[in-house]
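In: model the structure of this input:
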Amino acid sequence: MIEAHDLTKRYGPKTAVDSISFTVEPGTVTGFLGPNGAGKSTTMRMIVGLDRPTSGTVTVNGKPYAQHHSPLGEVGALLEAKAAHKGRTARSHLRSLAATHGIPTKRVDEVIEMTGLKDVAKKRVGGFSLGMGQRLGIASAMLGDPKTLILDEPVNGLDPEGVQWVRQLVKYLASEGRTVFLSSHLMSEMSLTADRLLVIGRGRIITAGPVQEVIESVSQATVRVRSPQLTELTAQLEHGGASVTLAEDGSALVAGMPPEQVGETAAAHGLVLHELSSQRASLEEAYMTLTQDEVEYRSETTLQEAHS
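Out: Coordinates of the predicted model:
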C-alpha cells in the first residue's frame, strides 16, 4: 500500500506537487494520469526516496521507503528506462543489484526469463533498444519479488506484444494482492489495464476512483438509434423526457433514457429500429475534459490551420 498525506514538493518558487493526499490499495492496478509537468514523476520519485518532500509524508507498506531494511523486497520501481551502466550486460546488472540484497542468482535467471531477456542477457546494455531497456527496468523492479510496484511509463517503446505482456503481468501481480501503481500516456491501454485512476494536474489531484466512475463523472452515457421513422421516434422519446440530437450520419443520439426504455418506446408505438446501441465516452475523452485547464504547454494551432 502507498499512502501520501499533504505531500508537497517545491523547487525554488515552483510548486511541482501541491499538498496531495491519496492511497494506492493492494490488489488493484492504479493508473496515474496527468499532462506533462503535472507532477507525476516527482510524486513517484518522492515515494521511493529519490526526492525529499518539502512537506507532508508518503509511506510504502507502512514506512517511508528509506526505513525499509530490504527495500527491493518491498518496492520495485521503474522510473527511467535503461537506468543501468551501459558497459554492463543485462545479467551482470541484475546480479549486481541482487548482490546488494543477498538475492540468489536463481532469482536473476527467473526475472530474465520472465521479462523475455534470455536471448540478450549477455549483451551490453548500451546497445539495447528502448523496448529492451524497458524490459530490463521491469526485471530490475521484479528482482526482489516486491509487494509494491511503481512503474513510470512501462510500455514506452514496447511493441504490441510487449504492451500486452505488461498488461497481463501487472494484472496478474495485482491478483496476487500486490500494489501496482503505474503511469502511461496511452489512454487506450490504461483503460484496459487499470482498475482505479488517480488524475493529477498542476501538482494537485483532479479526481480519483474506479475507471468507469471517473469516465462517467465527466460524460453522459448516450444511446445511438437509427430508424426509417426517426421523426416519429424522436417525438416519442422527447415526450418521454429524453434529449435527442440528430447526427450527421442520419442517426440520433439519445440522452437521459436507458437503451431498454428507448427500445420499449419504439416497440410500444410500432416504430422500426435499425440500430440501438449504448455509446460510452472513452477514457481519452474523459481525460481530455478533466485536464483541459491543467495543460502547461498547449498548441493553439490545428493541423488544418498549419497547412492552410
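In: how close does V111 sit to L97?
Out: 10 Å (CB to CB, to the nearest Å). Backbone N, C-alpha and C define where each C-beta goes, glycine included.
In: what's the overlap in contacts for the two?
Out: When contacts are counted by CB atoms under 8 Å, 6 or more residues apart in numbering, V111 and L97 are jointly contacted by S140, L143.
In: between these two, point out the one with more neighbours.
Out: Counting neighbours by other CB atoms under 10 Å for V111 and for L97 shows that V111 has the greater number, 24 against 18.
In: surely that one meets G144?
Out: No - using CB atoms under 8 Å, V111 is not in contact with G144, being 9.7 Å away.
In: list the contacts for G56?
Out: A4, H5, D6, L7, T8, S19, I20, S21.
In: out of those, list just those in strands.
Out: If you go by DSSP state E, those have A4, H5, D6, L7, T8, S19, I20, S21 in strands.
In: residue boundaries of the strands in this structure?
Out: Using DSSP E, strands in the chain cover 2-11, 14-24, 29-33, 55-60, 75-78, 148-152, 179-183, 196-201, 204-210, 222-226, 243-246, 252-255, 275-279.
In: export these to TSV and tack on distance to A139 and mean pLDDT?
Out: Output for those, formatted as TSV (distance: least, CB to CB, whole Å; pLDDT from 0 to 100):
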stretch	distance to A139	mean pLDDT
strand 2-11	22	97
strand 14-24	22	96
strand 29-33	19	96
strand 55-60	20	96
strand 75-78	9	93
strand 148-152	12	95
strand 179-183	16	96
strand 196-201	26	94
strand 204-210	30	93
strand 222-226	45	93
strand 243-246	51	92
strand 252-255	47	92
strand 275-279	41	90
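In: would you turn the ones you listed into CSV with distance to E161?
Out: Shown next, in CSV, are the strands of the chain (distance: least, CB to CB, whole Å):
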stretch, distance to E161
strand 2-11, 30
strand 14-24, 28
strand 29-33, 19
strand 55-60, 31
strand 75-78, 18
strand 148-152, 18
strand 179-183, 18
strand 196-201, 25
strand 204-210, 28
strand 222-226, 34
strand 243-246, 41
strand 252-255, 37
strand 275-279, 31
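In: that older thread, can you tell me which of the ones in strands among the contacts of G56 is closest to Q292?
Out: Among these, I20 lies closest to Q292 (CB to CB), at 20.0 Å.
In: ok, the closest one touching L7?
Out: Yes - between I20 and L7 there is a contact at 5.1 Å, judged by CB under 8 Å.
In: these two: who's more crowded?
Out: Set side by side, I20 and L7 show more neighbours around L7, with 24 against 20, by other CB under 10 Å.
In: could you dump stretch 158-176 to PDB, C-alpha only?
Out: C-alpha atoms of stretch 158-176 as PDB (Å, rounded to 0.1, in the frame of the first residue of the first chain):
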ATOM      1  CA  LEU A 158       7.400  -1.700 -26.500                       C
ATOM      2  CA  ASP A 159       5.900  -3.400 -29.500                       C
ATOM      3  CA  PRO A 160       2.200  -4.600 -29.300                       C
ATOM      4  CA  GLU A 161       3.300  -8.000 -27.900                       C
ATOM      5  CA  GLY A 162       5.300  -6.300 -25.200                       C
ATOM      6  CA  VAL A 163       2.400  -3.900 -24.400                       C
ATOM      7  CA  GLN A 164       0.100  -6.900 -24.000                       C
ATOM      8  CA  TRP A 165       2.700  -8.700 -21.900                       C
ATOM      9  CA  VAL A 166       3.000  -5.700 -19.500                       C
ATOM     10  CA  ARG A 167      -0.800  -5.500 -19.200                       C
ATOM     11  CA  GLN A 168      -1.100  -9.200 -18.300                       C
ATOM     12  CA  LEU A 169       1.900  -9.000 -15.900                       C
ATOM     13  CA  VAL A 170       0.500  -6.100 -13.800                       C
ATOM     14  CA  LYS A 171      -3.000  -7.600 -13.700                       C
ATOM     15  CA  TYR A 172      -1.500 -10.900 -12.500                       C
ATOM     16  CA  LEU A 173       0.600  -9.200  -9.900                       C
ATOM     17  CA  ALA A 174      -2.400  -7.300  -8.600                       C
ATOM     18  CA  SER A 175      -4.400 -10.500  -8.500                       C
ATOM     19  CA  GLU A 176      -1.800 -11.800  -6.100                       C
END
